[in-house]
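Chemist: Here is a sequence with its predicted model. Questions after.
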There are 2 protein chains.
Amino acid sequence: MHRDPDCIFCKIIAGEIPSKQVYQDELVTAFYDINPVAPVHVLIVPNKHIPSVNHVQPEDETMLGHMFSVARQVAEQLGVAERGYRLILNTGEHAGQVVFHVHMHLLGGRPLGRMVCR
Amino acid sequence: MHRDPDCIFCKIIAGEIPSKQVYQDELVTAFYDINPVAPVHVLIVPNKHIPSVNHVQPEDETMLGHMFSVARQVAEQLGVAERGYRLILNTGEHAGQVVFHVHMHLLGGRPLGRMVCR
């Protein structure tokens, strides 16, 4: 599995930096965001280092599609599946991407309002 | 390909309801949202009818992962890849899901601000 030695998410996936892990298998890891913006705020990441959606290759599709199965499972596990949740992936400056390892935010636990604030 | 005869997105995919289409292949269709909330606002949908992420099955993963390749391609095609864009999937009431056919919003064209508004 390709990793970047300077990537904080690669280190979290490898267990070298502690996280509150929610799920892990051979393709995907899920853990709580340290700066939650909703009552439930989990990050779902591919174990392979991919800097952003702009770097996705056709061979990554199965792994990335698996993130949706994990999202479904995590939403059930954390009790937000029925009321609902939002999945967000930010790419680049306009979206405010901070960590350059693909990550899917799973937000839930209350009404989330509009998709864009202003 | 499974479709729901009452689903507006199934009808758009089949060309029975007009849309401003951006991309289509055997797995995925992309078209402009009729109520844009950003300068670029495209919907990327699987051609197969899946009501929400809560209904994703393991056999759907390849198709859903392909949506990321299409998102990358659409972002390049519409000139927002470099500055950035946000991908959003809403599931259920708390996220404000309106059409019950899985769809990925691609938003870009200006700074998108915070992920959650309140």
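Modeler: Perfect, thanks for sending it.
Chemist: I'd like to know how many residues surround residue A:8.
Modeler: 15 (other CB atoms under 10 Å in any protein chain shown). In this view, the C-beta of every residue, glycine as well, is placed from N, C-alpha and C.
Chemist: swap in residue A:115?
Modeler: Neighbours of residue A:115 using other CB under 10 Å come to 21.
Chemist: Listing request: residues of chain A with sub-threshold pLDDT.
Modeler: Applying pLDDT under 70 to chain A flags residues A:118.
Chemist: Do a quick rundown of the strands in it.
Modeler: Under the criterion DSSP state E, chain A contains strands at A:21-24, A:28-32, A:40-46, A:85-91, A:104-108.
Chemist: What pairs with the last one, parallel or antiparallel?
Modeler: According to DSSP bridges, the neighbouring strands of strand A:104-108, each with its direction, are strand A:40-46 (antiparallel), strand A:85-91 (antiparallel).
Chemist: who's in contact with the last one?
Modeler: Translated: strand A:85-91. The contact list for strand A:85-91 (CB atoms under 8 Å, 6 or more residues apart in numbering or on different chains) reads A:40, A:52-54, A:68, A:71, A:75, A:96-97, A:102-108, A:112, B:53, B:75, B:81, B:84-92, B:94-95, B:115.
Chemist: So which elements touch the lengthiest helix in chain A?
Modeler: Secondary structure of chain A per DSSP state H: the longest helix is helix A:61-77. Secondary-structure packing of helix A:61-77 (3 or more CB pairs under 8 Å, 6 or more residues apart in numbering or on different chains; DSSP states H and E): strand A:21-24, strand A:28-32, strand A:40-46, strand A:85-91, strand A:104-108, helix B:61-77.
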